[in-house]
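> pasting the structure only:
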């Protein structure tokens, strides 16, 4: 498993993924592109406004980085199922569009000041532009399916639409739950691990789940196999979120990039680390951690105090082990259905890479 260089693999896949993205949102907009997306104008398109209000903000965001691991996951699943990735490259951009849509909206909802080392998009272009760009990226996936429907059977295309709609609906419910908790609503102080994991499945797990299910559907797999693949990729997404929460508190490089550890403490986030700590802590420590979380403080000393309480009860180690176990158990199910191949080896290495990363 360690023989596969996932960082190198992602670097190799990225140029093709970005070219596919650029087909659906070019850096430079012209009338030919607008006819490709919208159909022939009844009167006349204003090309300049669409470029400035959609293309420029989108590429301002995409050019900041991001590993493009969700489209890469789609391609790896399809390859592991025996498909040629060149046939589905344009469909692979679907989870990337949705992911970026959700984090653009997240930054507005969370009043975030920074994303990927630069000011959040809404602080550069305004809330109106950022909300609209997020909306465009949320619905753009359907265009990719429409433009590629001639390549696949009607049943496969219909299933792709169904999967996309199902997972898009789930994103909003997961976000709603998370917002309620960090606002201190809906019994936020007594959230259970099971409730947290289900929120994660809806908010973070559904986009990789979409990638896995759609890849399996387009590969012509049975409903049972589609769901097995979906459960595996969903587990990767949830484990990725758990690792993200860990790095937010104890990742040195992550903290340096964010200007200090514990941004999630300021947000009041009920992560698995927090839930485990609240369950295990003394009444004094439990009360103090909740006080700091509910302050939504930017004071690094208070953030560090909360992190110290979390570390005291072994919550980092517990959460790491939970992430590893989730991926291991989900992989064991998929392992049985996938034939041995280099693609399968890459897929397994990829899953473990996401939960062992340092940033």
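Thanks, I have it. All values reported here derive from a predicted model rather than from experimental measurement. Numbers count the residues shown, from 1 in each chain.
> And the strands in the chain, which stretches?
Under the criterion DSSP state E, the chain contains strands at 114-115, 118-119.
> ok, residues contacting stretch 72-92?
Identification of contacts with stretch 72-92 by Cβ atoms under 8 Å, 6 or more residues apart in numbering yields 9-10, 13, 16-17, 20, 23-24, 71, 94-95, 144-145, 147-148, 151, 160, 208, 211-212, 214-216, 218-219, 221, 229, 233, 236, 338-339, 341, 343-344, 346-347, 350. Bear in mind the C-beta positions are built from the backbone N, C-alpha and C, glycine included.
> Confidence-wise, which of the strands of the chain is weakest overall?
Lowest mean pLDDT within these: strand 114-115, at a mean of 87.
> circling back to that earlier point, can I get the strands of the chain in TSV with mean neighbour count?
Formatted as TSV, those follow (neighbours: other Cβ atoms under 10 Å):
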stretch	mean neighbour count
strand 114-115	16
strand 118-119	14
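> now the ones you listed in TSV, with distance to residue 245?
Formatted as TSV, the strands of the chain follow (distance: least, Cβ to Cβ, whole Å):
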stretch	distance to residue 245
strand 114-115	17
strand 118-119	22
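> so which of those strands gets nearest residue 67?
strand 114-115 (14.5 Å; Cβ to Cβ).
> Tell me the strands beside that closest one, with direction?
If you go by DSSP bridges, strand 114-115 pairs up with strand 118-119 (antiparallel).
> just how off-centre is the strand it pairs with within its chain?
Counting by Cα atoms, centre = their mean, to the nearest Å, strand 118-119 is centred 19 Å from the centre of its parent chain.
> distance of residue 150 from residue 157?
To residue 157, residue 150 is 9 Å away according to Cβ to Cβ, to the nearest Å.
> Those two - which one has more neighbours?
residue 157 (18 against 7; other Cβ atoms under 10 Å).
> Excluding residues flanking it in the chain, which one is nearest that one?
residue 149 (4.7 Å; Cβ to Cβ, 6 or more residues apart in numbering).
> now the nearest residue to residue 220 once chain neighbours are set aside: how far from residue 225?
Nearest non-adjacent residue to residue 220, counting by Cβ to Cβ, 6+ apart: residue 156, 6.7 Å away. Distance, residue 156 to residue 225, by Cβ to Cβ: 14 Å.
> So if I had to pick from those two, which one is more boxed in?
residue 225 (18 against 15).
> Return a PyMOL selection command for the buried portion of the contacts of stretch 72-92.
In PyMOL, this line selects whichever of these come out buried by 16 or more other Cβ atoms under 10 Å:
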select buried, resi 9+10+13+16+17+20+23+24+71+94+95+144+145+148+160+208+211+212+214+215+216+218+219+221+229+233+236+338+343+344+346+347+350
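> Tell me which residue of this structure is furthest from the middle?
For the chain, the residue at maximal distance from the C-alpha centroid (Cα atoms, centre = their mean) is residue 43, at 38.7 Å.
> Look at that residue and report its pLDDT.
For residue 43, the pLDDT comes out at 97.
> cool, and the one 3 residues further on?
Confidence at residue 46, expressed as pLDDT, is 96.
> go on, the one 10 residues further on?
Per-residue confidence (pLDDT) for residue 56: 97.
> just use 31 as the starting number from now, easier for me
Sure thing, new numbering starts at 31, so read that last one as residue 86.
> What about the residue nearest to residue 187, how many residues nearby?
Other residues close to residue 179 by other Cβ under 10 Å number 15.
> How about the one 5 residues further on?
For residue 184, the number of neighbouring residues by other Cβ under 10 Å comes to 8.
> which residues touch stretch 273-281?
Contacts of stretch 273-281 (Cβ under 8 Å, 6+ apart): 284-285, 288, 291-295, 299, 301-303, 337, 340-341, 346, 349-350, 353, 384-389.
> Not counting its neighbours along the chain, what's nearest residue 369?
That would be residue 112: by Cβ to Cβ, 6+ apart, it lies 7.4 Å from residue 369.
> and the gap between residue 85 and residue 117?
Distance of residue 85 to residue 117, given as Cβ to Cβ: 27 Å.
> out of the two, which sits in the more crowded spot?
Shown here are residue 85 and residue 117; by other Cβ under 10 Å, residue 85 has more neighbours (19 against 14).
> In contact with the closest residue to the more buried one other than its chain neighbours, which residues are there?
Excluding the flanking residues, the one nearest residue 85 by Cβ to Cβ, 6+ apart is residue 59, at 5.3 Å. Residues in contact with residue 59 (Cβ under 8 Å, 6+ apart) are 77, 80, 81, 84, 85.
> Now the buried members of these.
Counted by 16+ other Cβ under 10 Å, the contacts of residue 59 give 80, 81, 84, 85 as buried.
> of these, closest to residue 134?
Looking across the buried ones among the contacts of residue 59 and measuring by Cβ to Cβ, the closest to residue 134 is residue 84, at 12.0 Å.
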